[in-house]
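Undergrad: predicted model and sequence below, questions to follow.
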Amino acid sequence: MGFWLWKYFRSLKSFATDAQTEVFPLPKRGMISNLLLEIQALSGTANIDNFLANVLTKVEVIGNGSTVIQSLDGRQIQASAAYDDGKMPPDKEMSPSGTCFGYFDIRFGRYPGDELYALDCSKWDSLELKITYDMNATGTMTSTGFATTTGKLSITGLYSPDGAGLSPVGYLKKEEKRVYASAAGGTEDLPLPSDYPFRRLLLFAETKLKWPYRAFQYVTININSGARRPIDNMLGNDLMIFDLAMRGNPLWYHWKRYYLAANHNTISPPIRWAADGSVGYIGGGATVVLTSFDPNHIRATASAATTASIGVRGYAPWGALAIDLEAQTKKHGLEAMMDAWGFDQTADIHFEHTQQEAGIAESIVLEQYATQP
């Protein structure tokens, strides 16, 4: 059995500017299990819906100058980890002032410390981490970013310097495959790659005040021009319920300190299918009552303008629905794909779906079990 060291790849430093891409070389030897990014920022704006996940507009791990190992934005990174763990990554988001902390775990294994899947640096001529950030980015769920000149970043991770005792069979490749806006009555047909076995598809419907199932109305996995359809015209909300049942029906929980105006406030948390919530700290002696729960937003009624910590529990972290072959079969690699669908990735596989409502920001992320070069 091997061992892992907790390594600082970059200690806490301020962003060079408010928006740019920074490139960090990764080691030429050893194994990396995960890279944990900590983002800090000062909010500086009385806004209820600013999220640090929006600041990371793209995080890429690139091998040999052009091979995509991972390519996701901040919301996609957090949603992937949430589906791994059954809980949201830790965040401390405060408004209108105070330091915010966000955590983004780039995993090359199924979990930190996984000995079967990790990034073997010695197999690559070069490895680099590219982080594109924007302090003013609003993403799909807000209208205000963070205060300028306040962004900070640190990079840590589990690392085995010589890889002694570790023999990973591969690593997890994660990549955004398509980004688009939904159209009422629209259809999408996404051919899936044939290079590596599939682990998971994440289907993102992120726009605030929109229901995920209206972006993914009927979902189909079409293999070899209809020879097999392991998922056939499945409703988006039924797809969510099916996946939850395979996981033991977890509830994701997210806490955030919100700025609330007097009277009614509509909150759109990262949990996009809210089941319930609770109120913690309330500033200034005001009272706050959660008066209604719509699946994609919550109404908080405040007796006066204040800040309040509100926890929201529910499903679909960052609006993501999952088609998870690993969760379905309790296996991994090619065996998971064969057991779940009866076909390997060399078949002609298409992800298809229809849309009920226009204007919803959608993206599709594919996770695969890749082999070292």
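TA: Happy to help now that I have it.

Undergrad: every contact and neighbour count from this point should use C-alpha atoms.
TA: Will do.

Undergrad: does anything pack onto the helix or strand hosting residue 338? Which helices or strands?
TA: For residue 338, the element it lies in under DSSP states H and E is helix 333-341. Under the contact criterion of 3 or more C-alpha pairs under 8 Å, 6 or more residues apart in numbering; DSSP states H and E, helix 333-341 touches strand 198-205, helix 325-329.

Undergrad: so how far is the first one from its chain's centroid?
TA: To tie it back to what came earlier, the one meant is strand 198-205. The chain centroid and the centroid of strand 198-205 are separated by 10 Å under C-alpha atoms, centre = their mean, to the nearest Å.

Undergrad: pLDDT of it, averaged?
TA: Averaged over strand 198-205, pLDDT sits at 96.

Undergrad: now the residue of the chain most remote from its centre: how far from residue 209?
TA: Ranking residues of the chain by C-alpha distance from their mean position (C-alpha atoms, centre = their mean) puts residue 285 at the top, at 35.7 Å. Taking C-alpha to C-alpha, to the nearest Å as the measure, residue 285 falls 29 Å from residue 209.

Undergrad: who touches residue 354 in this structure?
TA: Shown in contact with residue 354 (C-alpha atoms under 8 Å, 6 or more residues apart in numbering): 185, 186, 187, 188, 215, 216, 217, 218, 219.

Undergrad: grab the nearest non-local neighbour of it.
TA: Leaving aside its chain neighbours, residue 354 sits nearest to residue 187 (4.3 Å; criterion: C-alpha to C-alpha, 6 or more residues apart in numbering).

Undergrad: now swap in residue 292 and tell me
TA: Distance criterion C-alpha to C-alpha, 6+ apart; nearest residue to residue 292, sequence neighbours excluded, is residue 299 at 5.4 Å.

Undergrad: quick one: the one you found and residue 263 touch, right?
TA: No: the criterion here is C-alpha atoms under 8 Å, and residue 299 misses it with residue 263 at 9.8 Å.

Undergrad: give me the more crowded residue out of the two.
TA: Neighbours per residue, other C-alpha atoms under 10 Å: of residue 299 and residue 263, the larger number sits with residue 299, 17 against 14.

Undergrad: for that one, what is the enclosing helix or strand?
TA: Judged by DSSP H and E, residue 299 forms part of strand 297-302.

Undergrad: would you put the C-alpha positions of that strand in CSV?
TA: Output in CSV follows, covering the C-alpha atoms of strand 297-302 (Å, rounded to 0.1, in the frame of the first residue of the first chain):
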residue,chain,number,x,y,z
HIS,A,297,-35.8,29.1,-5.1
ILE,A,298,-36.8,30.1,-1.5
ARG,A,299,-38.5,33.1,-0.2
ALA,A,300,-37.0,34.6,3.0
THR,A,301,-39.1,37.3,4.7
ALA,A,302,-37.0,39.7,6.9
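
Undergrad: ok, the least confident helix or strand in the chain by mean pLDDT: who's next to it in the sheet?
TA: When the helices and strands of the chain are scored by mean pLDDT, DSSP states H and E, strand 91-92 comes last with a mean of 80. Next to strand 91-92 in the sheet, as set by DSSP bridges, lie strand 99-107 (antiparallel).

Undergrad: and the helix or strand following the partner strand, which strands flank it?
TA: Sequence order places strand 119-120 as the next helix or strand after strand 99-107, per DSSP H and E. Strand pairing for strand 119-120, determined by DSSP bridges: strand 31-42 (antiparallel).

Undergrad: so for the strand it pairs with, what's the average pLDDT?
TA: Averaged across strand 31-42, pLDDT comes to 95.

Undergrad: quick one: residues in contact with it.
TA: In this structure, residues lying in contact with strand 31-42 by C-alpha under 8 Å, 6+ apart are 52, 97-109, 112-114, 117-122, 146-147, 150-163.

Undergrad: how far does the host helix or strand of residue 292 sit from its chain's centre?
TA: For residue 292, the host element (DSSP H and E) is strand 288-294. Relative to its parent chain, strand 288-294 has a centroid offset of 26 Å by C-alpha atoms, centre = their mean.

Undergrad: same question, stretch 10-26
TA: Distance of stretch 10-26 from the chain centroid (C-alpha atoms, centre = their mean) equals 21 Å.

Undergrad: redo the helices and strands packed on helix 333-341 as TSV? Include distance to residue 127 and mean neighbour count.
TA: Formatted as TSV, the helices and strands packed on helix 333-341 follow (distance: least, C-alpha to C-alpha, whole Å; neighbours: other C-alpha atoms under 10 Å):
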stretch	distance to residue 127	mean neighbour count
strand 198-205	23	24
helix 325-329	27	19
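
Undergrad: quick one: which of the ones you listed is nearest residue 14?
TA: strand 198-205 (30.5 Å; C-alpha to C-alpha).

Undergrad: angle of that closest one against helix 333-341?
TA: Interaxial angle, strand 198-205 versus helix 333-341 (axes from the mean of the first three to the mean of the last three C-alpha atoms, to 10 degrees): 60 degrees.
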